[in-house]
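Colleague: Return atomic coordinates for the entry below.
(chains A and B)
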Number of protein chains: 2
Amino acid sequence: MPPVVRFELPEWVAEEVGDPRRLYGLREERMDLALRLAERNVEQGGGGPFGACVFETDTGLLVSAGVNLVVSTNSSLAHAEALAIMLAQHAHATFDLAEKGLPSMELVSTAQPCIQCYGILWWSGLRRVVIGATAQDVESLTGFREGPLPTDWAGRLADRSPLPAVDVITDCLRARACRLLREYHDQGGPVYIPGGDKKDRPSD
Amino acid sequence: MPPVVRFELPEWVAEEVGDPRRLYGLREERMDLALRLAERNVEQGGGGPFGACVFETDTGLLVSAGVNLVVSTNSSLAHAEALAIMLAQHAHATFDLAEKGLPSMELVSTAQPCIQCYGILWWSGLRRVVIGATAQDVESLTGFREGPLPTDWAGRLADRSPLPAVDVITDCLRARACRLLREYHDQGGPVYIPGGDKKDRPSD
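Modeller: I've put the predicted structure just below:
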């Protein structure tokens, strides 16, 4: 019975990020970084075509980054958003990114969070989520699935008193996010779902 | 920007489990272990009153165990079910516990999974979930929240073709699970939600 599990970003992530003190003023600059990470993740064969970053909303400082590492870490939890949220909480040594005294933080994700990452986002303390591709884009373009999200997924995040509201911003560089999904599918990138055929599983 | 995050069970978990080769034939024996872990987690001040284990369904062999470590690991992901699932996948070196050749596995959890753990369960490859307390029990007895679960949460798991069905079994040692929740509340155990008051936060 193993007592420890560990998640580590590939070394190329820090290289792709570059200067960690850079301030990403525009929303599109923030999404550009998440998309570059997703694109490179596919190039490197690390996992699915998904990237996500946590930023300080006001300053645009990067807090953490994540890419899909499901295959390389043997963990269905290792979605880009989950990694970014785990690492942001680790960076601030808190289980609640809405803790008093912390700057307001947001998740910028190349695609709409699936049911798992929606739930992780729910408890994270993040105050905003910005997405590129929609759940429908992901499902129709790749064959990945999003799970039983609430129909009004954004409304549920925005209105959940007494928990702090999470604003949802959609359609940020969506066309580029969709292009990446389409290319991944066209290249025969593996789509891993429970009980699925593993014949395409990379040997990593 | 931190590149690594790590989750480790407290040492007392292995001690409480005892012989790792023991076979837990009855469902109630499996839940008894999950409840003992939850009870001891509260005694030790490690986190919330929740425990979960993954078992091989047919043999009753314990695959992994988890307890709530949200406070001690500074991670809102560190729910008992999430830990047990991460560790079960790690033990079998797969992101899909429904992978061909593996024995069918089940999650036995002292309480109904919240929206986060429901999502994690969704992609895990587990084939059954057994619960003690319901979501309503948790919310009414402790003040913890479960999030926007689908109304027919069990039906959605049971019928999700082409993904393999996840059977749901409820009311397993529910009274004992509820007693633990009530005691935790009566003792003033901290209830951590995003943006919540941290005055009760243990100094860990």
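
Colleague: so where do the strands sit in chain A?
Modeller: A:4-8, A:51-56, A:62-67, A:105-111, A:128-133, A:167-169 (DSSP state E).

Colleague: Select the longest helix from chain A.
Modeller: helix A:27-43 (DSSP state H).

Colleague: Show me the helices in chain A, by range?
Modeller: Going by DSSP H, chain A shows helices at A:11-17, A:27-43, A:70-73, A:80-92, A:115-124, A:135-142, A:153-158, A:174-186.

Colleague: for the spatially most central residue of chain A, what are its contacts?
Modeller: With distances taken as C-alpha atoms, centre = their mean, A:Glu81 lies nearest the centre of chain A, 2.7 Å away. Contact analysis of A:Glu81 by C-beta atoms under 8 Å, 6 or more residues apart in numbering or on different chains lists A:50, A:52, A:66, A:107, A:109, A:113, A:117, A:120-121. Yep, even glycine has a C-beta here, placed from its N, CA and C like the rest.

Colleague: can you narrow those residues to ones near chain B?
Modeller: A:117, A:120 (C-beta under 8 Å from any C-beta of the partner chain).

Colleague: ok, and the most crowded of the contacts of A:Glu81?
Modeller: A:Phe50 (35 neighbours; other C-beta atoms under 10 Å in any protein chain shown).

Colleague: I'd say that one and A:Leu69 touch.
Modeller: No: using C-beta atoms under 8 Å, A:Phe50 is not in contact with A:Leu69, being 9.9 Å away.

Colleague: picking that back up, tell me which of the helices of chain A sits nearest to B:Glu15.
Modeller: helix A:80-92 (27.2 Å; C-beta to C-beta).

Colleague: For burial, what's the neighbour tally of A:Ala165?
Modeller: 13.

Colleague: Tell me how far A:Asp19 lies from A:Leu62.
Modeller: 9 Å (C-beta to C-beta, to the nearest Å).

Colleague: Those two: which has the busier surroundings?
Modeller: Neighbours were counted for A:Asp19 and for A:Leu62 using other C-beta under 10 Å; A:Leu62 has more, 24 against 7.

Colleague: Tell me the bridge partners for that one.
Modeller: Listed beta-bridge partners, A:Leu62: A:Phe55 (assigned using DSSP bridges).

Colleague: List the residues that contact it.
Modeller: A:17, A:20, A:22, A:24, A:33, A:53-55, B:1.

Colleague: ok, now A:Leu107?
Modeller: A:52-54, A:81, A:84-85, A:113, A:121, A:124, A:126, A:128-130.

Colleague: Throw these into TSV and include distance to B:Asp167 and pLDDT, thanks.
Modeller: Output for the contacts of A:Leu107, formatted as TSV (distance: C-beta to C-beta, whole Å; pLDDT from 0 to 100):
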residue	distance to B:Asp167	pLDDT
A:Ala52	32	98
A:Cys53	38	98
A:Val54	36	98
A:Glu81	28	98
A:Ala84	33	98
A:Ile85	30	98
A:Pro113	26	98
A:Leu121	28	98
A:Ser124	30	98
A:Leu126	33	98
A:Arg128	38	98
A:Val129	33	98
A:Val130	37	98
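
Colleague: tell me which of these is nearest to chain B?
Modeller: Set against chain B, the nearest of these by C-beta to the nearest C-beta is A:Ser124 (5.5 Å).

Colleague: correct me, but the closest one touches A:Glu99?
Modeller: No: using C-beta under 8 Å, A:Ser124 is not in contact with A:Glu99; the gap is 11.2 Å.

Colleague: Tell me which of these two has more neighbours.
Modeller: Ranked by neighbour count (other C-beta under 10 Å), A:Ser124 and A:Glu99 place A:Ser124 first, with 30 against 18.

Colleague: For A:Ser140, the count of nearby residues, please.
Modeller: 14.

Colleague: typo on my end, A:Leu87
Modeller: Count around A:Leu87 with other C-beta under 10 Å applied: 24.

Colleague: if I pick it, what's in contact with it?
Modeller: A:9, A:54, A:63-66, B:1-3, B:5.

Colleague: One more pass at 10 Å, please.
Modeller: A:7, A:9, A:53-54, A:63-66, B:1-5, B:75 (C-beta atoms under 10 Å, 6 or more residues apart in numbering or on different chains).

Colleague: of the residues you listed, buried ones?
Modeller: With burial judged by 16 or more other C-beta atoms under 10 Å in any protein chain shown, the buried subset of these is A:7, A:9, A:53-54, A:63-66, B:1-3, B:5, B:75.

Colleague: ok, now how distant is A:Pro10 from A:Val42?
Modeller: 12 Å.

Colleague: Go ahead and confirm A:Leu126 touches A:Pro164.
Modeller: Yes: the criterion here is C-beta atoms under 10 Å, and A:Leu126 meets it with A:Pro164 at 9.3 Å.

Colleague: re the thing from before, can you tell me which of the contacts of A:Leu107 lies nearest to A:Trp153?
Modeller: A:Pro113 (8.4 Å).

Colleague: Would you mind confirming that the closest one is in contact with A:Leu121?
Modeller: Yes: using C-beta under 10 Å, A:Pro113 is in contact with A:Leu121, at 5.7 Å.

Colleague: who touches both of the two?
Modeller: A:81-82, A:85, A:107, A:129, A:157, B:119.

Colleague: show me where pLDDT drops low in chain A?
Modeller: Residues of chain A that meet the criterion pLDDT under 70 lie in A:197-204.

Colleague: One more pass at 90, please.
Modeller: A:1-2, A:45-47, A:192-193, A:195-204 (pLDDT under 90).

Colleague: how near is the residue lying farthest from the centre of it to A:Ile131?
Modeller: Outermost residue of chain A with respect to the C-alpha centroid, by C-alpha atoms, centre = their mean, is A:Met1; its distance is 29.6 Å. Shown here: A:Met1 relative to A:Ile131, a distance of 38 Å by C-beta to C-beta.
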